[in-house]
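**Student:** What shape does this take:
(one chain, ligands or ions: 1)
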Amino acid sequence: MPWITRGLKDGIVTTRYPKRPDGYDRTWRGSVSVNQSRVDEPPASGDLESVASSCPTEAIRSENGLPRLDRGRCILCGRCVELYSDLFTLGPDFENSVLRRESLVVPQAAESEHALTDLRGELHRRVRALRRSIHVRHVDAGSDGSDEWEIAALTNPIYDIQRLGIFFTATPRHADVLLVTGVGTLGMADPLRRTYEAMPYPKVVIAAGAEAASGGIFARCYGVNDGVGELVPVDVWVPGSPASPFGLLHGLLLAIGLLPRRSASRPPEDEARQ
Ligand code: SF4
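**Tutor:** Numbering: from 1, shown residues only. Next up is the predicted model:
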């Protein structure tokens, strides 16, 4: 039986995340960041306009003369990094899930810490009863299929999401978490709402990927909503195009309050929160 010898040779391949990082999370495009030194010394307004026009999804804009990048729109094409490498950086960081849509815009504007604390507290109270075993209902509301590949990967031996007590379910009646991908096509608006209504309380909604957050490259096209935020009340936003399995894992753990405190050095809205 070759799989026995192969298993013995490979040893344990399952990631230790979130207990500790491992090499798996360093090998892909995770997020684009704005170079902080250039924020303190912004480009001229004409330059900023050409920077913004380089982005196919209008993820970059100028705000008070400073570049702002909306990760909820970013499809990680890398064009801005190629053209303006001094201003943008493409990195593998995947712990970018947030509790508010506005927090996907980087660098972040000064936030009301009170509002964020209230939001985190409310979510923690709501999911307290879910901590031991979570069932997730996934709804594809008009995705291109890439998000589904990454979600399917969560059950393979590398990510093995069941080790964390997280399981996928086929019925919303058994679901605690609604994981939504896709732009929210007009045809899927009603089925998505009915799925949400069929779930018992407490329930949490995760919008996964740039399409679910903003419509991504399909925003303002015929027959789509620009994301699913207007269809169901989203609690956690996971950026990416598609969101990587680690990004999805981070969003799920954030949603159910299971991220360890090691993320506490991250910005408040990215923390996994107790
Ligand atoms: S990497 Fe993101 S922000 Fe940059 S050009 Fe592509 S979509 Fe726009």
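**Student:** residue boundaries of the strands in the stretch 151-274 of the chain?
**Tutor:** Counting by DSSP state E, counting those that start in this stretch, the stretch 151-274 of the chain has strands at residues 166-168, 177-181, 204-208, 236-238.
**Student:** which residues are contacting the last one?
**Tutor:** Strand 236-238 is contacted by residues 72, 96-101, 103-104, 204-209, 213, 247-248, 250-251, 254-255 when judged by Cβ atoms under 8 Å, 6 or more residues apart in numbering. From N, CA and C alone the C-beta is placed, and that goes for glycine too.
**Student:** Backbone dihedrals for Tyr157, both of them.
**Tutor:** One thing to correct before we go on: residue 157 is Pro, not Tyr. Geometry field for Pro157 lists phi and psi as phi -60, psi -20, criterion degrees, to the nearest 10.
**Student:** can you pull the contacts of it?
**Tutor:** Contacts for Pro157 (Cβ under 8 Å, 6+ apart) come out as 13-14.
**Student:** Apply 10 Å and report the result again.
**Tutor:** When contacts are counted by Cβ atoms under 10 Å, 6 or more residues apart in numbering, Pro157 is found next to 7, 10, 12-15.
**Student:** do Gly145 as well
**Tutor:** If you count contacts by Cβ under 10 Å, 6+ apart, then Gly145 has 181-182, 242 around it.
**Student:** Which members of the contacts of Pro157 additionally contact the ligand?
**Tutor:** Applying Cβ under 6 Å from any ligand atom to the contacts of Pro157, one finds that nothing falls near the ligand.
**Student:** For Asp140, find the nearest of the strands of the stretch 151-274 of the chain.
**Tutor:** Comparing these against Asp140 with Cβ to Cβ, the closest turns out to be strand 177-181 (5.5 Å).
**Student:** what about dumping the CA coordinates of the closest one to PDB?
**Tutor:** Coordinates of the C-alpha atoms in strand 177-181 are reproduced here as PDB (Å, rounded to 0.1, in the frame of the first residue of the first chain):
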ATOM      1  CA  VAL A 177     -22.300  30.600  10.100                       C
ATOM      2  CA  LEU A 178     -23.400  31.700   6.600                       C
ATOM      3  CA  LEU A 179     -20.300  31.900   4.300                       C
ATOM      4  CA  VAL A 180     -21.200  33.900   1.200                       C
ATOM      5  CA  THR A 181     -19.100  34.100  -2.000                       C
END
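**Student:** what angle do it and strand 204-208 make?
**Tutor:** Computed with axes from the mean of the first three to the mean of the last three Cα atoms, to 10 degrees, the direction of strand 177-181 lies at 20 degrees from that of strand 204-208.
**Student:** quick check, distance from strand 177-181 to the centre of its chain.
**Tutor:** What separates the centre of strand 177-181 from the centre of its chain is 11 Å, taken as Cα atoms, centre = their mean, to the nearest Å.
**Student:** From the contact counts, what lies against it?
**Tutor:** strand 134-140, helix 146-153, strand 166-168, helix 186-198, strand 204-208, helix 210-214, strand 236-238, helix 245-255 (3 or more Cβ pairs under 10 Å, 6 or more residues apart in numbering; DSSP states H and E).
**Student:** hey, which of those is tucked in deepest?
**Tutor:** helix 210-214 (a mean of 32; mean count of other Cβ atoms under 10 Å).
**Student:** I'd like the strands of the stretch 151-274 of the chain as a markdown table, with mean pLDDT appended.
**Tutor:** Converted to a markdown table, those look like this (pLDDT from 0 to 100):
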| stretch | mean pLDDT |
| --- | --- |
| strand 166-168 | 94 |
| strand 177-181 | 96 |
| strand 204-208 | 95 |
| strand 236-238 | 95 |
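**Student:** I'd like those as CSV, with distance to the ligand appended.
**Tutor:** Written out in CSV, the entries for the strands of the stretch 151-274 of the chain read as follows (distance: least, Cβ to the nearest ligand atom, whole Å):
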stretch, distance to the ligand
strand 166-168, 29
strand 177-181, 18
strand 204-208, 17
strand 236-238, 15
